[in-house]
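Student: okay, sequence plus prediction incoming.
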Amino acid sequence: SEDQASQPPVEPPRSWSREDKELFRSLPRETQERVADRERSREKDFLTRQQEATEKLKGLSTREQEVESARQQYETALPILLQNLQSGMAGEFADIKNMADVQKMANDDWPRYIRWDAAQKQVAAVQQEVQAAQQRQAREYDERWNSFAEEQDNLLTEKAPDFANKERAQALREKAVDYLKDIGFSQKELSSAWSGKSNIPFRDHRVQLLILDGI
């Protein structure tokens, strides 16, 4: 109609691919408006959640401890957010099993395809944040462990002077490994424990044997 022709075009979301934007422009104006409104609502909700978490961190930047606490809370919430998004997709798009289903949806139900594509992008964005958080936590753990290991090695040398001699220390370590294997520890367990990758509790019967031997 003339009224529709005189109205400015409905712009597709900027985050979409060129192909998606071209398909969007081929839709009737009423469908464009509905899809654009739905997409804006989804993006606004997602961005609001991100902004709230970011602002929470910025607002506490005056105190390092509070900032760290807020960051940890945010990173703890990320897997929950990811699970909620994935559950939502599994519910709304339970029938979409493979790329053939995706193609059929794109051909037969374009507005639904747009919702599916937007949900996919949200899940991918949160997955990237979760991965980045896990990598940062792993780096921090390695830094803390290396500092702890150096401190403990220095304390051991103070209390057991034999460890100041490299050859004597190596011989003692080899004897210790043989002894620990004799009471049931595997090489993999020993390597993981030595590098801080696993925790062996005092309730472990092998640890209790070590304590009993010491007393």
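Tutor: Done, it's in.
Student: biggest helix in this protein by residues?
Tutor: Ordering each helix of the chain by length in residues (DSSP state H) puts helix 110-159 first.
Student: average pLDDT for that one?
Tutor: The average pLDDT within helix 110-159 is 89.
Student: numbering from 5 from now on, please.
Tutor: From this message on, residue numbering opens at 5, which makes the last subject helix 114-163.
Student: which parts of the following helix or strand past it are buried?
Tutor: Next in sequence after helix 114-163, counting helices and strands by DSSP states H and E, comes helix 170-186. By neighbour count on 16 or more other CB atoms under 10 Å, the buried set for helix 170-186 is Ala173, Leu184. The way it works is simple: take the backbone N, C-alpha and C, and place the C-beta from them, glycine included.
Student: and for stretch 113-133?
Tutor: 114, 117-123, 125-127, 130, 133.
Student: turn these into JSON lines, columns for distance to Lys108.
Tutor: Converted to JSON lines, these look like this (distance: CB to CB, whole Å):
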{"residue": "Trp114", "distance to Lys108": "11"}
{"residue": "Tyr117", "distance to Lys108": "9"}
{"residue": "Ile118", "distance to Lys108": "15"}
{"residue": "Arg119", "distance to Lys108": "15"}
{"residue": "Trp120", "distance to Lys108": "12"}
{"residue": "Asp121", "distance to Lys108": "14"}
{"residue": "Ala122", "distance to Lys108": "18"}
{"residue": "Ala123", "distance to Lys108": "17"}
{"residue": "Lys125", "distance to Lys108": "20"}
{"residue": "Gln126", "distance to Lys108": "22"}
{"residue": "Val127", "distance to Lys108": "21"}
{"residue": "Val130", "distance to Lys108": "27"}
{"residue": "Glu133", "distance to Lys108": "31"}
